[in-house]
Structure formats: structure tokens, C-alpha cells
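Novice: sequence plus predicted model, see below.
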Amino acid sequence: MKFGIDRLIENAELRRPLAGKRIALLAHPASVTCDLVHSLDALSALDDINLTAAFGPQHGLRGDKQDNMIESPDYNDPIHDIPVFSLYGEVRRPTAESMESFDAILIDLQDLGCRIYTFITTLRYMLEAAAEHGKTVWVLDRPNPAGRPVEGTLLEDGWESFVGAGPMPMRHGLTMGEMGCWMISHFDLDVDYRVIEMQGWQPEGPGFGWPEDRIWINPSPNAPNVNMARAYAGTVMLEGTMLSEGRGTTRPLELFGAPDIDARSVMAAMRDMASQWLEGCLLRDIWFEPTFHKHQGLLCNGVHIHAEGPAYDHSAFRPWRLQALALKAIGKLYSGYQLWRDFPYEYENDKLAFDVINGGPSLRQWIEAPSSTAADLDAIAEPDENQWQERSKEFFLY
């Protein structure tokens with residue numbers, strides 16, 4: 001199969017509408033061709049592409065910012081001698097000055113298929129700026145490595161943030177190109193938009209979203225593999241808790257744990273409460289010691305989520321419910337356990353971080369309610385999931 005960048009590079013006819021225009025690129029470290037040439041270098045090598053600027057999202061164009069919520073500065077690219085504007089530094093939205101540096105922008109970002117992954121918010125902000133300034137936007141499409149399954153409640157009104165671009169569930173099932181189509185429709189944007197589609201992507205084929213013959217490159221420093229991408233719609237919620245999500249280990253956002261929990265007891269409690277939510281993957285109790293971030297230097301007991309190998313069932317795996325269940329199990333096992341981490345999350349100072357991540361308080365309230373059941377959470381989430389599934393199909397390109 002071919003990604004959007006590969007089709008654009010090899011097909012001069014596809015590039016013809018860009019002739020004579022000043023071109024910008026919005027990219028990150030995973031923005032590479034099939035032979036691992038970075039898109040900035042590959043596009044610069046084309047005689048008919050006039051690259052005049054580049055933009056970097058969270059973690060930077062080069063992906064050099066290891067931890068979460070670390071800003072990147074603007075700089076001048078030393079190889080191509082063009083300005084690189086940070087969209088996660090002094091600003092989150094493109095400035096009028098940066099928008100004047102190009103006529104058309106190519107967006108080549110590998111997403112994880114999760115609402116909280118900030119690249120889709122950056123996509124929204126760029127689309128809105130392009131509509132305001134009369135610029136052209138092309139998305140060079142890439143796979144959604146989490147595939148088509150949908151899970152989680154819709155973002156509630158009033159809970160929009162940099163990790164909540166709009167009323168979509170946590171696991172949205174769209175590619176970046178499809179997400180742009182939805183955003184233009186939902187936010188009623190008048191923008192010159194085009195998707196350079198992938199060729200041969202099969203979201204239900206081998207790899208269930210990520211093609212088995214394509215090398216995985218971290219789109220952000222703590223996104224090391226496809227297993228993480230599959231688990232992320234659940235494990236990202238740990239950023240709003242006192243539990244470690246594995247930052248400071250070699251398997252971040254695939255596991256959870258703390259120095260003061262017993263992993264086997266937690267897994268047993270999860271099975272007792274809702275064994276059906278553990279289907280499609282394997283859980284393994286582990287020990288780990290984070291080298292940085294939460295519980296740095298402390299021995300933690302935890303659970304590693306394996307959404308991979310022969311036991312993986314793509315249609316059955318439900319990471320959002322699995323992680324919610326783990327938090328509820330810990331709350332039941334350890335009375336008074338401090339689950340929630342109270343700190344400014346993505347510049348939201350007056351809301352609990354866990355609620356910002358989930359786009360509202362409903363999941364936390366279910367976790368905290370002593371008598372709430374799995375059926376109660378299904379009753380909250382399933383109407384939202386069904387609504388999104390019906391709506392999002394309109395924008396499928398594959």
C-alpha cells in the first residue's frame with residue numbers, strides 16, 4: 001500500500017495544482033516516506049515544489065521534546081533555510097505572520113486515532129486559520145493504527161480544550177484526512193481542502209489499521225509501537241491520575257502501576273466486576289521503576305496491556321472501558337486511595353485533569369460511585385458511540 005506522501009512524491013500530476021505556489025509542511029518525526037526519508041527532505045528535493053516554511057506540532061517537528069506539555073520554540077531549519085513555526089510554543093494557533101509564509105500547506109501527521117492526541121486539534125486550528133486567510137490545505141493521509149472501532153463518550157459542551165477538539169469519542173476511528181472532512185462539515189469551514197488518499201489501506205485487513213509491511217516511527221517520543229497506539233485510548237487517562245502510565249520506562253502508555261498497589265489483586269477485581277471488558281487482549285502483572293516522571297526511582301507493581309499477538313481480538317478490545325475498570329477496581333480495593341492528580345493540564349487550570357482528558361466528568365463520576373456497574377457505564381457510553389459511528393461513516397474515504 002502507499003501513504004499520501006508516497007503518492008504525492010511519485011506522481012507529478014497529483015502535484016500539478018501546487019505549481020507556482022509557496023508551500024508549507026506541517027510534520028513531525030513520523031512524517032517519512034516508505035524508504036524513511038523525512039517528508040521535508042523528500043519534498044525539498046522536488047523541482048516543482050517551492051517549500052517556504054514548515055510547522056511543528058506538540059513535541060516539535062523533530063520530536064525532541066520528550067515529556068508531555070513541553071513547549072518548542074520557532075527556529076530556522078539549517079538544511080533547507082526556511083522558518084519552522086512551532087504550534088506548541090508561544091502559540092497553539094497559527095499566527096497571521098506565519099500564515100503569510102505560504103499559499104498552500106501540506107499536513108503529513110501520523111495520528112493515533114484518539115481524541116486527546118493533540119495533532120487533530122492542531123489540524124482544526126490550521127483549517128480555521130486557512131479559512132480565515134484564504135489558504136489551501138492538503139492532508140497527506142496516513143493510517144489510523146487503532147483502526148475503525150469507536151469507544152467512549154462524546155466530548156461534552158463546554159469541555160473543549162487542546163486535548164478536546166470537538167464532540168467526538170475518545171477512540172474516533174478516522175484517519176487525519178477523514179477527520180479534516182468531518183471538521184470542515186461540523187464547524188462549517190469555508191476552506192480549499194483536499195486529501196491525498198492512501199492507496200490500498202485496509203482498516204480491517206492484516207494489522208487492523210497499521211499495515212504489517214510498514215515500519216513504525218514514533219509520532220511522539222512516548223508512542224513507541226502499535227500496541228501503545230491500540231491501548232492509548234485507555235492508558236492516556238492515566239495522565240490525570242496518581243498512577244504511572246509508564247513514562248520513564250521503555251513501554252510508556254502500555255501499562256499502569258504504582259508502588260502501593262498489588263497488580264494481581266487489581267486484575268482479579270477487574271475480572272469480578274466486568275470480565276467482558278478484558279476481552280481481546282492479555283494482561284500481565286509486572287514490576288517497573290520509572291527513571292523519570294511519576295514515582296521516579298520507586299519500584300512499582302502494575303499491569304501491562306498486550307493488545308498484540310495471537311490473543312489480540314481487534315473487535316473485542318475496548319481500551320477505554322478496560323482502563324476505567326482498572327481505576328474503579330483500585331478505588332474499591334484501597335479505600336480512600338488518591339486516584340486523581342490535581343494539576344493544570346494543557347493550560348486548563350480550573351478543571352480536574354482527568355475530566356479534561358475525558359471531555360467531561362461522567363466517567364470519573366461512574367468510577368467514584370460505589371454502586372455503579374458495568375451496565376451503567378455502557379448505558380452512558382453506547383448512545384454516544386452509536387451516534388458517532390453513524391455520523392462518522394459519512395466521511396470515510398476507505
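Specialist: Everything's here; your move. Residues are numbered from 1 along each chain as shown.

Novice: can you classify the most centrally placed residue in the chain by secondary structure?
Specialist: When Cα atoms, centre = their mean is applied to the chain, the residue found nearest the centroid is Y117 (2.9 Å). Look at Y117: counting by DSSP: H, G, I helix; E, B strand; the rest coil, its state is coil.

Novice: show me what the longest helix along the chain is packed against.
Specialist: With secondary structure taken from DSSP state H, the chain has its longest helix at helix 374-392. Packing partners of helix 374-392 (3 or more Cβ pairs under 8 Å, 6 or more residues apart in numbering; DSSP states H and E): helix 176-186, helix 319-333, helix 362-368. The way it works is simple: take the backbone N, C-alpha and C, and place the C-beta from them, glycine included.

Novice: so where is the stretch 101-250 of the chain shaky, pLDDT-wise?
Specialist: Residues of the stretch 101-250 of the chain meeting the criterion pLDDT under 70: none.

Novice: dump the residue contacts of F317.
Specialist: Residues near F317 by Cβ atoms under 8 Å, 6 or more residues apart in numbering: 149, 230, 279-281, 307.

Novice: now, of these, which are buried?
Specialist: Buried subset of these (neighbour count, 16 or more other Cβ atoms under 10 Å): 149, 230, 280-281, 307.

Novice: one step back: for H133, see how far away the residue nearest to the centre of the chain is.
Specialist: 26 Å (Cβ to Cβ, to the nearest Å).

Novice: with just CA atoms, put the longest helix of the chain into CSV.
Specialist: Extracted in CSV, the C-alpha atoms of helix 374-392 (Å, rounded to 0.1, in the frame of the first residue of the first chain):
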residue,chain,number,x,y,z
ALA,A,374,-20.5,-2.0,34.0
ALA,A,375,-24.0,-1.8,32.7
ASP,A,376,-24.3,1.7,34.0
LEU,A,377,-21.2,2.8,32.0
ASP,A,378,-22.5,1.1,28.9
ALA,A,379,-25.7,3.0,29.3
ILE,A,380,-23.8,6.2,29.3
ALA,A,381,-21.4,5.5,26.5
GLU,A,382,-23.3,3.3,24.0
PRO,A,383,-25.7,6.1,22.8
ASP,A,384,-22.7,8.4,22.1
GLU,A,385,-20.8,5.6,20.4
ASN,A,386,-23.7,4.7,18.2
GLN,A,387,-24.3,8.3,17.3
TRP,A,388,-20.7,8.9,16.3
GLN,A,389,-20.5,5.7,14.3
GLU,A,390,-23.4,6.7,12.2
ARG,A,391,-22.2,10.3,11.7
SER,A,392,-18.6,9.5,11.0
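
Novice: so for that helix, what's the average pLDDT?
Specialist: Averaged across helix 374-392, the pLDDT comes to 98.

Novice: ok so, going back, could I get the helices and strands packed on helix 374-392 as CSV with mean neighbour count and distance to R15?
Specialist: Formatted as CSV, these follow (neighbours: other Cβ atoms under 10 Å; distance: least, Cβ to Cβ, whole Å):
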stretch, mean neighbour count, distance to R15
helix 176-186, 21, 17
helix 319-333, 23, 38
helix 362-368, 19, 45
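
Novice: does N144 really touch G173, like I thought?
Specialist: Yes - N144 is within contact range of G173, at 6.7 Å (criterion: Cβ atoms under 8 Å).

Novice: which neighbours do the two share?
Specialist: G113.

Novice: these two: who's more crowded?
Specialist: N144 (28 against 24; other Cβ atoms under 10 Å).

Novice: residue contacts, that one?
Specialist: By Cβ under 8 Å, 6+ apart, the neighbours of N144 are 111-113, 173-175, 203, 209.

Novice: same deal with A96?
Specialist: A96 neighbours (Cβ under 8 Å, 6+ apart): H133.

Novice: and the gap between the nearest residue to W182 once chain neighbours are set aside and R194?
Specialist: Spatial nearest neighbour of W182, chain neighbours left out: F395 (4.8 Å); criterion: Cβ to Cβ, 6 or more residues apart in numbering. F395 is 14 Å from R194, where distance means Cβ to Cβ.

Novice: which secondary structure state does V84 sit in?
Specialist: strand.

Novice: what bridges to it?
Specialist: A54, Y75 (DSSP bridges).

Novice: and it, how many neighbours does it have?
Specialist: Neighbours of V84 (other Cβ under 10 Å): 23.

Novice: the stretch 151-300 of the chain: strands as residue ranges?
Specialist: All strands of the stretch 151-300 of the chain, identified by DSSP state E, counting those that start in this stretch, fall at 192-196, 255-258, 282-288, 300-306.

Novice: related to what we said a few turns ago, what is the nearest of the contacts of N144 to D190?
Specialist: L174 (21.2 Å; Cβ to Cβ).

Novice: separation between the nearest residue to M1 once chain neighbours are set aside and H172?
Specialist: Closest residue to M1 apart from its sequence neighbours, by Cβ to Cβ, 6+ apart: G200 at 3.4 Å. Distance from G200 to H172, counting by Cβ to Cβ: 22 Å.

Novice: please say which of these two ends up with more neighbours.
Specialist: Set side by side, G200 and H172 show more neighbours around H172, with 29 against 10, by other Cβ under 10 Å.

Novice: list phi and psi for that one.
Specialist: phi -100, psi -20 (degrees, to the nearest 10).

Novice: so it touches C114, yeah?
Specialist: Yes - contact criterion Cβ under 8 Å: H172 and C114 qualify, at 7.3 Å.
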